[in-house]
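S.K.: no sequence for this one, just the structure:
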Ligand SMILES: [Zn+2]
Ligand SMILES: [Zn+2]
């Protein structure tokens, strides 16, 4: 982390400049991360909700509700 101290008109300003942290920002919610792996993990958990899969035919659905609807019409039964 690099700290820049600016003296301007008698006032001292400290700017914290951390490029790596700025880059690792979730574009969806703005949460910052120190490591790329953590950002990826966060995106996976917070924004890419696990797909619901039909156990009979293997079709994937974005919501439990859609899967439930599908199950009623799914012909590939176990
Ligand atoms: Zn996020
Ligand atoms: Zn199915």
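M.R.: All right, it came through fine. What you are looking at is a predicted structure, and each value in this text was computed from that prediction instead of being measured. Ligands and ions are numbered 1, 2, ... in the order given.
S.K.: phi, psi of the nearest residue to residue 28 once chain neighbours are set aside?
M.R.: Leaving aside its chain neighbours, residue 28 sits nearest to residue 47 (5.2 Å; criterion: CB to CB, 6 or more residues apart in numbering). Every C-beta, even on glycine, is put in place using the N, C-alpha and C of the backbone. As for residue 47, its main-chain torsions (degrees, to the nearest 10) stand at phi -120, psi -30.
S.K.: What of residue 42?
M.R.: Backbone torsions for residue 42, taken as degrees, to the nearest 10, come to phi -60, psi -50.
S.K.: and the residue nearest to residue 28, how many neighbours does it have?
M.R.: 11 (other CB atoms under 10 Å).
S.K.: distance of it from ligand 1?
M.R.: 6 Å (CB to the ion, to the nearest Å).
S.K.: I'd guessed that residue sits against residue 31; true?
M.R.: No: with contacts counted by CB atoms under 8 Å, residue 47 stays clear of residue 31, the gap being 10.4 Å.
S.K.: related to what we said a few turns ago, look up how far ligand 2 lies from the residue nearest to residue 28.
M.R.: For residue 47, the distance to ligand 2 (CB to the ion) stands at 26 Å.
S.K.: Residue 41 now?
M.R.: Applying CB to the ion, one obtains 30 Å for the distance of residue 41 from ligand 2.
S.K.: Tell me how far the helix or strand containing that residue lies from the chain's centre.
M.R.: Taking DSSP states H and E as the criterion, the element that holds residue 41 is helix 36-42. The chain centroid and the centroid of helix 36-42 are separated by 7 Å under CA atoms, centre = their mean, to the nearest Å.
S.K.: Any part of it near ligand 1?
M.R.: No: judged by CB under 5 Å from the ion, helix 36-42 stays clear of ligand 1, getting no closer than 5.5 Å.
S.K.: who's in contact with that helix?
M.R.: 24-26, 31, 33 (CB atoms under 8 Å, 6 or more residues apart in numbering).
S.K.: Now do the buried residues in that helix.
M.R.: Of the residues in helix 36-42, those buried under the neighbour-count criterion (16 or more other CB atoms under 10 Å) are 39, 42.
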